[in-house]
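Undergrad: Let's see this in three dimensions:
(one chain, ligands or ions: 2)
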Amino acid sequence: MLKHEDNERICRVGPGTPAGELFRRYWQPALLSEELPAPDCAPVRVKLLGEDLLAWRDSNGRAALTSAFCPHRLAPLFYGRNEECGIRCVYHGWKFDADGNCVDLPTEPPASRMKNNVRIASYPTMELAGMIWAYLGPKETMPSAPDHEFTRVPAKHFHVNKTFQASNYLQALEGGLDTAHSSYLHNNKLGDKSFLRNRDGAPKIDVHKTDYGYCYTSDRNAGEDGRYFRVYQYIMPTIQLRGNVTSRTGGKAKVPKIDGHVWVPVDDETTCIYNFAYTYDETSEFSPEYRVEFDIDYGRGPDDVIPGTYWLKRNASNDYMIDREVQRTQTYTGIKGINTQDMALQEGMGAIVDRSKEILGSTDRPIVTMRKMMLEATHAVERGEAPPGVDPASYRDVRPYDGFVPHDADWREVIGDKIRAKW
Ligand code: FES
Ligand SMILES: [Fe+2]
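TA: Residues are numbered from 1 along each chain as shown. Ligands and ions are numbered 1, 2, ... in the order given. Got it, this is the predicted structure:
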C-alpha cells in the first residue's frame with residue numbers, strides 16, 4: 001500500500017517532478033540504434049520523461065537527441081531535412097546541428113547575428129548495447145558512461161528488442177521484480193510438474209540491499225533436485241537482471257544466458273520496455289534464428305508487431321486476443337507471448353494504479369523495498385545528493401544466478417562468485 005501523495009511522487013516523471021528529477025540523474029535508453037540505421041537517415045520522434053524530442057543521425061554518424069520543435073514558430077522538426085550535419089526545418093529553412101546550435105538562418109539578412117542567439121534543446125547521447133542512451137539531467141551531475149556487463153558483451157553474444165506499453169513505468173517495473181507471478185501468469189504448460197516453477201508456487205523471497213539497488217533471491221522447493229534458487233539483480237532506477245542458465249524443466253538451457261529489462265518512462269502513462277539477453281559465456285552466441293525465437297517468446301516476433309511501430313497487435317483493443325479454449329486446456333492465461341501476458345495485466349490496472357487500495361503479501365517484498373528506495377532517492381536528489389546506482393562502480397561487477405542449491409546449504413557458499421560479472 002502506498003499513500004496517494006507517495007504514489008504521485010514516484011509515478012510522475014515530467015520535468016520538475018520528484019521522480020522526473022530522479023530519472024534525470026541517470027543515463028536512459030532513448031531508442032534502439034537500429035532505428036537510426038545510417039548517417040542522414042530519417043529522424044525518429046522520441047518521447048522521454050514526458051519531453052517531446054527528435055532523434056536523428058547526422059552526416060558523421062553521430063546520434064542527436066534534440067527538441068522536437070523548431071524555435072522559430074514551433075513547427076515540428078520531424079518533417080525536417082536531415083542534411084550536411086544538421087536538421088533543417090522545412091517551414092522557413094532554419095537549421096540546427098547535433099549540439100542544438102543554429103547553423104543557418106536563411107530568412108534573416110546575411111549580416112544578421114541573430115543565429116548566434118538561437119538554439120534548440122540538445123541532450124548528450126552515447127550508443128551502447130544496441131541502444132542510444134541519453135542524459136537529460138543537469139550537466140554538473142552527469143555520471144560516467146553506463147558500465148553494465150550487458151554493455152560490455154560483444155554484439156554476437158547480445159540481443160535486444162523493445163516494446164511500448166500503455167501504463168506508467170512503475171506497474172511495469174513492479175511486474176519485473178515480482179518473481180511469484182511467473183508460476184501463474186507465465187505458466188504456459190498447465191499441469192506440467194516438470195516445470196520448476198510449477199513444483200513450488202510460493203517461493204521464499206529475500207531482499208538484500210546494495211549500493212546500486214538490491215539483489216533478491218527466490219527459493220523454490222524442487223524436491224529431489226534440492227532448491228531451485230534464483231538471484232535477481234535490481235539496479236536503480238529500472239534495470240532488472242535474471243539468470244537463465246537452467247532450463248525451465250531443470251536441465252541445462254539450450255542457450256545459457258542472462259536476461260534483463262530496462263523500463264524507461266516515456267511519459268506518465270506510457271513505458272518503453274527494452275528486453276535484452278546475453279550469453280552466459282563465450283562458448284555460445286546468438287544465431288539469427290535464436291534471435292527470432294527470443295522475440296517470438298516475448299510475443300513480439302515479426303508477425304506480432306504493428307508494422308512500422310514497436311506496439312503489439314495483441315493489445316487492450318482486442319483483449320490481447322485471449323483464447324479461452326487455450327486458457328481452459330493449455331496455458332494459464334490463453335494469451336500468447338510473455339510480454340503480452342504482462343501487458344494485459346499491467347495495462348488493465350489503468351494507466352496509474354491506485355496503490356492505496358492494494359493488499360500486499362510476502363512475495364511482494366522486493367516491490368515494497370524498491371518503492372521505499374525510489375521514494376528515498378527522490379528526497380536524496382532534492383537534498384542535492386546523488387541517488388543509488390548512478391556511479392558505475394556500484395554495479396559494474398554484478399550478475400544474476402539461477403540453479404540448484406542443496407536443501408540444507410547456505411546459498412552464498414554454493415553460489416560464491418557466480419554472481420560476479422565475467423564479461
Ligand atoms: S518554424 Fe521552423 S523555420 Fe520557421
Ligand atoms: Fe512477467
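Undergrad: OK, contacts around the residue nearest in space to the middle of the chain?
TA: Nearest to the mean C-alpha position of the chain, counting by C-alpha atoms, centre = their mean, stands Val262 at 1.7 Å. Neighbouring residues of Val262 by C-beta atoms under 8 Å, 6 or more residues apart in numbering: Gln28, Pro29, Thr238, Ile239, Ile273, Tyr274, Phe276. Yep, even glycine has a C-beta here, placed from its N, CA and C like the rest.
Undergrad: want to throw those residues into a markdown table with pLDDT?
TA: Shown next, in a markdown table, are the contacts of Val262 (pLDDT from 0 to 100):
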| residue | pLDDT |
| --- | --- |
| Gln28 | 98 |
| Pro29 | 98 |
| Thr238 | 98 |
| Ile239 | 98 |
| Ile273 | 97 |
| Tyr274 | 97 |
| Phe276 | 98 |
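Undergrad: same for ligand 1: which of these are within range?
TA: For ligand 1, no contacts are drawn from these by C-beta under 6 Å from any ligand atom.
Undergrad: now for those, which pair is the farthest apart?
TA: Gln28 and Phe276 (14.4 Å; C-beta to C-beta).
Undergrad: Just say helix, strand or coil for Phe229.
TA: strand (DSSP: H, G, I helix; E, B strand; the rest coil).
Undergrad: Pairing partners for it in the sheet, please.
TA: Beta bridges link Phe229 to Asp219, Gly403 when assigned by DSSP bridges.
Undergrad: is it fair to say the residue nearest to the centre of the chain lies in a helix?
TA: No. Counting by three-state DSSP, Val262 is not found in a helix; it is strand.
Undergrad: Can you tell me, leaving aside adjacent residues, what's nearest to it?
TA: Tyr274 (4.4 Å; C-beta to C-beta, 6 or more residues apart in numbering).
Undergrad: Could you point out which of the contacts of Val262 is nearest to ligand 1?
TA: Nearest to ligand 1, judged by C-beta to the nearest ligand atom, of the contacts of Val262 is Gln28 at 27.6 Å.
Undergrad: Who are the contact partners of the nearest residue to that closest one once chain neighbours are set aside?
TA: Nearest residue to Gln28 in three dimensions, chain neighbours excluded: Val264, at 5.3 Å (C-beta to C-beta, 6+ apart). With contact taken as C-beta under 8 Å, 6+ apart, Val264 is in contact with Gln28, Pro29, Ala30, Leu48, Tyr169, Thr238, Thr271, Cys272, Ile273, Tyr274.
Undergrad: Same question for Lys162.
TA: Leu31, Leu32, Cys272, Ile273, Tyr274, Asn275, Tyr310.
Undergrad: How is the third one assigned, secondary-structure-wise?
TA: Read that as Cys272. Going by three-state DSSP: Cys272 is strand.
Undergrad: and the gap between it and Arg227?
TA: 35 Å (C-beta to C-beta, to the nearest Å).
Undergrad: looking at the chain, which helix or strand does the model trust least?
TA: Ranked by mean pLDDT, DSSP states H and E, the weakest helix or strand in the chain is helix 196-199, scoring a mean of 79.
Undergrad: ok, back up a step: selecting buried members of the contacts of Val264 in ChimeraX, what would you type?
TA: Buried residues among those (16 or more other C-beta atoms under 10 Å), as a ChimeraX selection:
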select :28,29,30,48,169,238,271,272,273,274
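Undergrad: could you dump the contacts of Val264 to JSON lines with distance to Thr378?
TA: Supplementary listing: the contacts of Val264 in JSON lines, determined by distance: C-beta to C-beta, whole Å:
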{"residue": "Gln28", "distance to Thr378": "16"}
{"residue": "Pro29", "distance to Thr378": "21"}
{"residue": "Ala30", "distance to Thr378": "22"}
{"residue": "Leu48", "distance to Thr378": "18"}
{"residue": "Tyr169", "distance to Thr378": "14"}
{"residue": "Thr238", "distance to Thr378": "14"}
{"residue": "Thr271", "distance to Thr378": "18"}
{"residue": "Cys272", "distance to Thr378": "21"}
{"residue": "Ile273", "distance to Thr378": "22"}
{"residue": "Tyr274", "distance to Thr378": "23"}
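Undergrad: The least confident helix or strand of the chain packs against which elements?
TA: strand 213-221, strand 227-235 (3 or more C-beta pairs under 8 Å, 6 or more residues apart in numbering; DSSP states H and E).
Undergrad: Keeping just the C-alphas, turn that helix into PDB.
TA: Presented in PDB, the C-alpha positions along helix 196-199 are these (Å, rounded to 0.1, in the frame of the first residue of the first chain):
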ATOM      1  CA  LEU A 196      10.400 -25.900 -11.900                       C
ATOM      2  CA  ARG A 197       8.100 -23.000 -11.300                       C
ATOM      3  CA  ASN A 198       5.100 -25.300 -11.200                       C
ATOM      4  CA  ARG A 199       6.700 -27.500  -8.500                       C
END
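Undergrad: What lies in contact with that helix?
TA: So helix 196-199 is contacted by 182-183, 186-187, 189, 191-193, 220-223, 228, 246, 248-250 (C-beta under 8 Å, 6+ apart).
Undergrad: Touching, Ala98 and Arg62? I think so.
TA: Yes. Contact criterion C-beta atoms under 8 Å: Ala98 and Arg62 qualify, at 5.4 Å.
Undergrad: For the closest residue to ligand 1 within the stretch 101-250 of the chain, what are phi and psi?
TA: Scanning the stretch 101-250 of the chain for the residue nearest ligand 1 gives Thr107, at 7.1 Å (criterion: C-beta to the nearest ligand atom). When quoted as degrees, to the nearest 10, the phi and psi of Thr107 stand at phi -80, psi -10.
Undergrad: Fine by me, thanks again.
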